[in-house]
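Participant: what shape does this take:
(one chain, ligands or ions: 2)
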Amino acid sequence: MSAQECIFCKIASGQIPAVKIYEDEIVVAFLDIGPISDGHTLVLPRQHFEKVHNCPPELLGQIWTRLGKIANAVALATGADGYNVLCNNGRAAGQIVDHLHFHIVPRKAGDGVFAKWPSYKYGQGRAEAIAEKIIKFL
Ligand code: AMP
Ligand code: ZN
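Facilitator: Numbers count the residues shown, from 1 in each chain. Ligands and ions are numbered 1, 2, ... in the order given. You can find the predicted model right below:
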């Protein structure tokens, strides 16, 4: 998806509407059109990058500087007991819009959102073997 066709670029530039809660020269934040809880918010850089690893670290820092303040406001306004910050990267991870964005999902105790977290245990030596492979790419 090119930046010209990107729906989030269009929202950032004001070409198409969104319920915005914050914007400055670096980021835009607006309510997700398909929320999984009231106040579900998306925070994104104005500049178009697809995934976390495509985004310059300085810009990631600028996004995260703002994310905490926005997340706190979202949580306070919705009376949340907590919140998740999520970033889907790639189709397999659930990314639908190919413009880097962070979900802020306000949570209430016992709300059942993300109730199914399919965790399991590594077999003998497997964690170390996987870590060794990852380290080679760092
Ligand atoms: P992801 O699956 O991480 O790519 O998330 C994309 C999110 O963007 C979904 O939760 C959608 O509901 C949301 N979304 C898509 N189009 C719009 C829009 N026009 N305004 C607000 N949120 C949108
Ligand atoms: Zn974009």
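
Participant: residues contacting the closest residue to I11 other than its chain neighbours?
Facilitator: Closest residue in space to I11, ignoring its immediate chain neighbours: A18 at 4.5 Å, by CB to CB, 6 or more residues apart in numbering. For the C-beta atoms, the positions are set from N, CA and C on the backbone; glycine is no exception. Listed by CB atoms under 8 Å, 6 or more residues apart in numbering, the contact partners of A18 are 11, 28, 30-31, 33.

Participant: could you look up the SS state of E58?
Facilitator: Secondary structure of E58, reduced to three states by DSSP: H, G, I helix; E, B strand; the rest coil: helix.

Participant: state the distance from it to Q47.
Facilitator: When CB to CB, to the nearest Å is applied, the distance between E58 and Q47 equals 11 Å.

Participant: now the contacts of A18 as CSV including secondary structure?
Facilitator: Conversion of these to CSV gives the following (three-state DSSP):
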residue, secondary structure
I11, helix
V28, strand
F30, strand
L31, strand
I33, coil
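
Participant: any idea which of these is closest to ligand 2?
Facilitator: Of all those, the one with the least separation from ligand 2 (CB to the ion) is I11, at 8.8 Å.

Participant: can you give me the neighbour number for the closest one?
Facilitator: For I11, the tally of surrounding residues (other CB atoms under 10 Å) stands at 22.

Participant: got it, and E25?
Facilitator: Applying other CB under 10 Å, we find 6 residues neighbouring E25.

Participant: backbone dihedrals for the residue lying closest to it once chain neighbours are set aside, please?
Facilitator: Distance criterion CB to CB, 6+ apart; nearest residue to E25, sequence neighbours excluded, is R46 at 7.3 Å. The phi and psi torsions at R46 (degrees, to the nearest 10) take the values phi -60, psi -40.

Participant: burial check on A115, number of neighbours?
Facilitator: Residues lying near A115 (other CB under 10 Å) number 7.

Participant: pLDDT score assigned to it?
Facilitator: Listed pLDDT for A115 reads 87.

Participant: name the helix or strand for it, please.
Facilitator: Following DSSP states H and E, one finds A115 outside all helices and strands.

Participant: just to revisit the earlier point, drop anything exposed from the contacts of A18.
Facilitator: Applying 16 or more other CB atoms under 10 Å to the contacts of A18, the neighbour count classes 11, 28, 30 as buried.
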